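> predicted model follows, preceded by the sequence.
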Amino acid sequence: MKSNLNPMLELIEKEKGIPRKELISLLESAMTSAFSKHAKGLTYTAKIDPQSGEMQVFVLKEVASEVTDPSNQILKAEALELDPSAEIGLPVEVEVPANKFGRIAAQTAKQIIVQKIKENERESLYNKYKNRAGEMASVKLYRFVNKAAIVEIGDTEAILPDREQISHEKLRRGSSFRVFIVEVTRGNKGPRILVSRTHPGLVEGLFRTEVPEVEEGIVKVVKIVRDPGVRCKVAVSSSNPRVDPIGACVGINGVRVQAVIAEMGGERIDLIKYSDNIEQYLANSLSPAEVLNVVITDREKKEARLVVNDDMLSLAIGKNGQNVRLAARLTQWHLDIQSETQLQEIKQEKFKTGFKNIAGLPGVGEKTAKLLIENGLDSLDKISDGGEKVLTSVPGIGAKTAEKIIKAIKNNE
């Protein structure tokens, strides 16, 4: 039977991009199944000529010496005309008029083509977006499903879950904004695209858009930590000593950083200059507060004490501890913030305790105790760990005095 499958195949291949060979294979398989279901007890096979598009239909019949069931059997003499190797008891394909299945063939072809077109469109959309995870994109709010926002992203949709939305931000239908593409996975109706307004990647993407030096790689965004919608800290560095990374991100009259802040709904941004010198980096991380002194209290545990002016203490800590908390997340260090007054009070208390313990040793007077403390030996443990060698390095402490002090500490234990 000659059919119009050829023009249809050519049109679909051209407009929908479905390969002719693949479409023919799908049609043959689907029609074979449909014909067999239509005529129960018989096994049909549909074949489409890839060049002409002509479809032939065959039914399997058993070769017999005598036919008792014409629909399932064929005489050997007739079978040999179709297949010279035909033998009694074996099946042979017998062509039947294809127009017998005209309506079934048309319905099946339509279903298969529509289904394949949808599958191809879904796969095409997935391939288009699968490598865009980790990028920033512009979207338009379409509707809400419960608390999740469904947004238009190009020619498909994406999901902005409630947890990925900025808490105080009021999104309205039809409004346009930028998001960060978190992940792209296959879904039943196309790609499932998850986007975010709270991800640090959104901030980096905005700076990449607004700051040419970031896009060109001269200025590097080292790390970003956020309290979404409220405040974030951005550590930046420069590969060119003549380019100030903070100045480049701020722009003339703050135009660049203000553009980023506006897109983020007014979220405050602290730009932090990154440094390989950990003391300097820790001091920078507390911006906008100025740090007077950084003391590494335990390098292995990453613990440090940062000293600020009394009038800078509240700024250094921030509202509800926000500034120091973000600084700790940025640097991955445990930070203890103290004012000058607090530090002096701690030192005085430490001096009093150390003085009392040392001066209380038998044979050690107030003068010797004060001398030891002034030279950093402000506790019995420090003196004991240092031993006589450390003690004799203190001006005014001789070998006999050092021996007497060590002996007194041991007797005191």
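Sure thing, it's come through.

> check this structure for its longest strand and report it.
strand 176-187 (DSSP state E).

> name the helices or strands packed onto that one?
Packed against strand 176-187 by the contact rule (3 or more Cβ pairs under 8 Å, 6 or more residues apart in numbering; DSSP states H and E) you find helix 102-129, strand 136-145, strand 156-160, strand 190-196, helix 200-210. In short, each C-beta sits where N, CA and C put it, glycine included.

> CA-only coordinates of the third one in PDB, if you can.
In PDB, the C-alpha atoms belonging to strand 156-160 read as follows (Å, rounded to 0.1, in the frame of the first residue of the first chain):
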ATOM      1  CA  THR A 156      10.100  27.100  30.200                       C
ATOM      2  CA  GLU A 157       9.400  27.400  33.900                       C
ATOM      3  CA  ALA A 158      11.400  27.100  37.100                       C
ATOM      4  CA  ILE A 159      10.600  26.700  40.800                       C
ATOM      5  CA  LEU A 160      11.600  29.200  43.400                       C
END
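
> need the residues that contact that strand.
125, 129, 137, 139, 142, 148-152, 171, 179, 181, 190-197 (Cβ atoms under 8 Å, 6 or more residues apart in numbering).

> how close does Val182 get to Lys189?
19 Å (Cβ to Cβ, to the nearest Å).

> and Pro70, by the same measure?
Pro70 is 48 Å from Lys189, by Cβ to Cβ.

> swap in His168?
33 Å.

> run through the stretch 101-250 of the chain and note the low-pLDDT ranges.
The stretch 101-250 of the chain contains residues with pLDDT under 70 at 102, 105-106, 109.

> report the buried residues of stretch 55-64.
Going by neighbour count (16 or more other Cβ atoms under 10 Å), the buried part of stretch 55-64 is Met55, Val57, Phe58, Val59, Lys61, Val63, Ala64.

> any idea of the mean pLDDT in that stretch?
For stretch 55-64, mean pLDDT is 86.

> so how far is that stretch from its chain's centroid?
Per Cα atoms, centre = their mean, to the nearest Å, the displacement of stretch 55-64 from the mean C-alpha position of its chain is 57 Å.

> what sits up against it?
1, 3, 5, 31, 35, 42-49, 71-76, 79, 86-98, 100-101, 105.

> contacting residues around Lys47?
Contacts of Lys47 by Cβ under 8 Å, 6+ apart are Glu28, Met55, Gln56, Val57, Phe58.

> now the phi/psi pair for the third one, please.
Pointing back at Gln56 there. phi -120, psi 150 (degrees, to the nearest 10).

> just give the closest residue to Val394, not the sequence neighbours.
Closest residue in space to Val394, ignoring its immediate chain neighbours: Asn375 at 4.7 Å, by Cβ to Cβ, 6 or more residues apart in numbering.

> residue ranges with poor pLDDT in the stretch 251-400 of the chain?
For the stretch 251-400 of the chain, the stretches with pLDDT under 70 are 343-356, 359-360, 362-363, 365, 376, 378.

> tell me how this structure divides into domains.
5-127, 133-196, 222-246+265-341, 360-412 (automatic domain parsing).

> now do the phi/psi pair for Leu282.
phi -60, psi -40.

> tell me how many other residues surround it.
Neighbourhood size, Leu282 [other Cβ atoms under 10 Å]: 24.

> repeat that for Arg242.
Using other Cβ under 10 Å, Arg242 has 6 other residues around it.

> three-state assignment of it?
Using DSSP: H, G, I helix; E, B strand; the rest coil, the structure places Arg242 in coil.

> show the contacting residues for it.
Arg242 touches nothing, counting by Cβ under 8 Å, 6+ apart.

> check Ile18 too.
Contacts of Ile18 (Cβ under 8 Å, 6+ apart): Ile12, Lys116, Ile117, Asn120.

> ok, Ser238 next?
Contacts of Ser238 (Cβ under 8 Å, 6+ apart): Glu213, Ile218, Val219, Lys220, Asp244, Pro245, Ala248.

> so the nearest residue to Val151 once chain neighbours are set aside bridges to which residues?
Of all residues not flanking Val151 in the chain, Val139 sits nearest, at 3.9 Å (Cβ to Cβ, 6+ apart). Beta bridges link Val139 to Phe177 when assigned by DSSP bridges.

> so Val139 makes contact with Ile181?
No: with contact defined as Cβ atoms under 8 Å, Val139 does not reach Ile181; the gap is 9.6 Å.

> nearest to Leu313, of the helices and strands packed on strand 176-187?
Proximity to Leu313, assessed across the helices and strands packed on strand 176-187 by Cβ to Cβ, is greatest for helix 200-210 (27.9 Å).

> pull the distance from the helix or strand just after the closest one to the chain's centre.
Note on helix 200-210: by DSSP states H and E, the next helix or strand toward the C-terminus is helix 212-215. Distance of helix 212-215 from the chain centroid (Cα atoms, centre = their mean) equals 22 Å.

> what is the subsequent helix or strand relative to helix 212-215?
By DSSP H and E, the next helix or strand past helix 212-215 is strand 219-227.

> what comes up buried for that following strand?
Buried residues in strand 219-227 (16+ other Cβ under 10 Å): Val219, Val221, Lys223, Ile224, Val225, Arg226, Asp227.

> need the contact list for the last one.
Asp227 makes contacts with Gln322, Leu326, as judged by Cβ under 8 Å, 6+ apart.

> show the contacting residues for Leu286.
Here Leu286 is in contact with Leu306, Val308, Ala316, Asn323, Val324, Ala327, Leu335, Ile337 (criterion: Cβ under 8 Å, 6+ apart).
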